[in-house]
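A.B. asks: I would like to see how this sequence folds:
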Amino acid sequence: MPLIDSATHGVDAHYYAKKQAVLVVASLAVMALGAFADYRDFVNLSPWIYGGSCVLLVLVLLVGQEVNGATRWISLGVFPLQPSELAKLAMVLFYAWLLSRWEDPPSSYWDILSAYAWILVPAALIMKEPDLGSALTLVAVATGCVYLAGAPGDKIAKFGAFVVALAVAAVLLHLYAGLPLPLADYQVKRLVGLFNAHEDPLGTGYQVLQSKIAIGSGALWGKGLGKGTQNRLDFIPEQHTDFIFSVVGEELGFVKTVLVLGVYVLLMYRCLIAATTSPDRKGTLVAGGVLSVFLFHVLVNVGMTMGIMPVTGVPLPFLSHGGSALLVDSFMIGMVINVGWKRHKIFF
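C.D. replies: Have a look, this model is predicted:
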């Protein structure tokens, strides 16, 4: 919350911090629900959760609230619901249900393809919002769960390389031959701008260049909370959401930033321990799916603020402002705690 408070200023400089404080209290209750309720009950209900998530993704396209050209939220009065965040949780639970029912591990390319097919509908709906980052998160969930279900790593890598090659070819054909893509123009520019942000320093490359300046200016020990000039002078757009790591780098500096990243590493390590020591396949896939979400979000968010990943609008878990993401992330952590408890034969 202090980082969000530092990253926001204006008519009510503490508005976002106050709002996030309320959400933190709610997230603790949600985490407790995930920890004390049996994760297997949620897994067994996952086909219905998956279907309900798809319904919400359709609903947001029909009656959703548009912000900055994207329709990603359904207004619930005091709280805007983001269905794409719920879709991540739904896919974690659904893959735990689906792959735990397979008698044999997905060993062939056909098995791997059939497993990935389940993300097509929610990913396509999310891309219509448009929200490339959340759609790619579903791919990360599928990849992590398929691997933990026993699929050969080399086959997943080859399958992924083939898909990436097709995507690169499609982007090149779009740029030079006019091939239509299911991406907004600004998304294509962001993908291409990854390789040359200086080509359009006041347009597509602006966020990344300003973010790199902010992180670099933090030097070893940082400028101090609330003293970041790039942040306070609004050189960094969306510094309280997608680009919160820029504020971390500028105001906390290299040493404390490494400590922040160390906390994420510890969090993901505990998810890995829960996945590898779970008493059943459902627990392994739940914890592995949660690990996939956090690993993807941290790598992409930190990477895009440093100019080594495309800007895709992926939030940094537990630091970026956002209610739906915080609540879903907290619930997923609660489920991982529950998986760990089942290893010790503690039942609730």
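A.B. asks: Quick one: low-confidence residue ranges for the stretch 151-300 of the chain.
C.D. replies: Scanning the stretch 151-300 of the chain for pLDDT under 70 picks out 197-198, 200, 233.
A.B. asks: Would you map the helices across the stretch 1-150 of the chain?
C.D. replies: 2-7, 15-36, 39-44, 46-63, 83-100, 109-116, 120-127, 132-148 (DSSP state H, counting those that start in this stretch).
A.B. asks: In a markdown table: those, plus mean pLDDT, distance to Asn231 and mean neighbour count.
C.D. replies: For the C-beta atoms, the positions are set from N, CA and C on the backbone; glycine is no exception. As requested, the helices of the stretch 1-150 of the chain are arranged in a markdown table below (pLDDT from 0 to 100; distance: least, CB to CB, whole Å; neighbours: other CB atoms under 10 Å):
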| stretch | mean pLDDT | distance to Asn231 | mean neighbour count |
| --- | --- | --- | --- |
| helix 2-7 | 57 | 6 | 22 |
| helix 15-36 | 86 | 13 | 16 |
| helix 39-44 | 97 | 39 | 19 |
| helix 46-63 | 96 | 31 | 17 |
| helix 83-100 | 97 | 25 | 26 |
| helix 109-116 | 95 | 39 | 16 |
| helix 120-127 | 96 | 30 | 19 |
| helix 132-148 | 96 | 22 | 23 |
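A.B. asks: how about the strands in the protein?
C.D. replies: Counting by DSSP state E, the chain has these strands, from start to end: 65-67, 70-75, 80-81.
A.B. asks: Packing partners of the shortest one?
C.D. replies: Pointing back at strand 80-81 there. strand 70-75, helix 323-343 (3 or more CB pairs under 8 Å, 6 or more residues apart in numbering; DSSP states H and E).
A.B. asks: which secondary structure elements does the first one contact?
C.D. replies: I take that to be strand 70-75. helix 46-63, strand 65-67, strand 80-81, helix 83-100.
A.B. asks: Now do the first one: everything it contacts.
C.D. replies: Yep, that's helix 46-63 we're talking about. With contact meaning CB atoms under 8 Å, 6 or more residues apart in numbering, helix 46-63 is reached by 42, 71-74, 81, 83-84, 86-87, 89-91, 93-94, 96-97, 118, 121-122, 125-126, 128-129.
A.B. asks: about what we covered before: could you dump the helices and strands packed on strand 80-81 into a markdown table with mean pLDDT added?
C.D. replies: A markdown table is the format used below for the helices and strands packed on strand 80-81 (pLDDT from 0 to 100):
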| stretch | mean pLDDT |
| --- | --- |
| strand 70-75 | 87 |
| helix 323-343 | 93 |
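A.B. asks: Which of these sits closest to Thr137?
C.D. replies: helix 323-343 (10.6 Å; CB to CB).
A.B. asks: Can you check the distance spanned by stretch 66-81, start to finish?
C.D. replies: 12 Å (CA to CA, to the nearest Å).
A.B. asks: Would you mark the buried spots in it?
C.D. replies: 71-74, 80-81 (16 or more other CB atoms under 10 Å).
A.B. asks: Also stretch 153-167?
C.D. replies: Going by neighbour count (16+ other CB under 10 Å), the buried part of stretch 153-167 is 155-156, 159.
A.B. asks: distance of the closest residue to Met91 other than its chain neighbours from Met332?
C.D. replies: The shortest distance from Met91 to any non-neighbouring residue, by CB to CB, 6 or more residues apart in numbering, is to Val141 (4.8 Å). Computed as CB to CB, to the nearest Å, the Val141 to Met332 distance reads 11 Å.
A.B. asks: what's the overlap in contacts for those two?
C.D. replies: 92, 293.
A.B. asks: burial of Gly216, as a residue count?
C.D. replies: Neighbourhood size, Gly216 [other CB atoms under 10 Å]: 13.
A.B. asks: which residues does it contact?
C.D. replies: Gly216 touches Gly249, counting by CB under 8 Å, 6+ apart.
A.B. asks: mind starting the numbering at 456 from now?
C.D. replies: Sounds good: first residue 456 from here, last item Gly671.
A.B. asks: Quick check, central residue of this structure?
C.D. replies: The centroid of the chain falls nearest to His752 when counting by CA atoms, centre = their mean (4.1 Å).
A.B. asks: Helices of the stretch 606-755 of the chain, start to end?
C.D. replies: 608-632, 640-648, 661-672, 684-687, 699-732, 736-760.
A.B. asks: now the ones you listed in CSV, with distance to Trp796?
C.D. replies: CSV is the format used below for these (distance: least, CB to CB, whole Å):
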stretch, distance to Trp796
helix 608-632, 29
helix 640-648, 41
helix 661-672, 38
helix 684-687, 40
helix 699-732, 9
helix 736-760, 10
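A.B. asks: Contacts only, for Gly673.
C.D. replies: Per CB under 8 Å, 6+ apart, neighbours of Gly673: 683, 704-709, 712.
A.B. asks: Thank you kindly, that will do.
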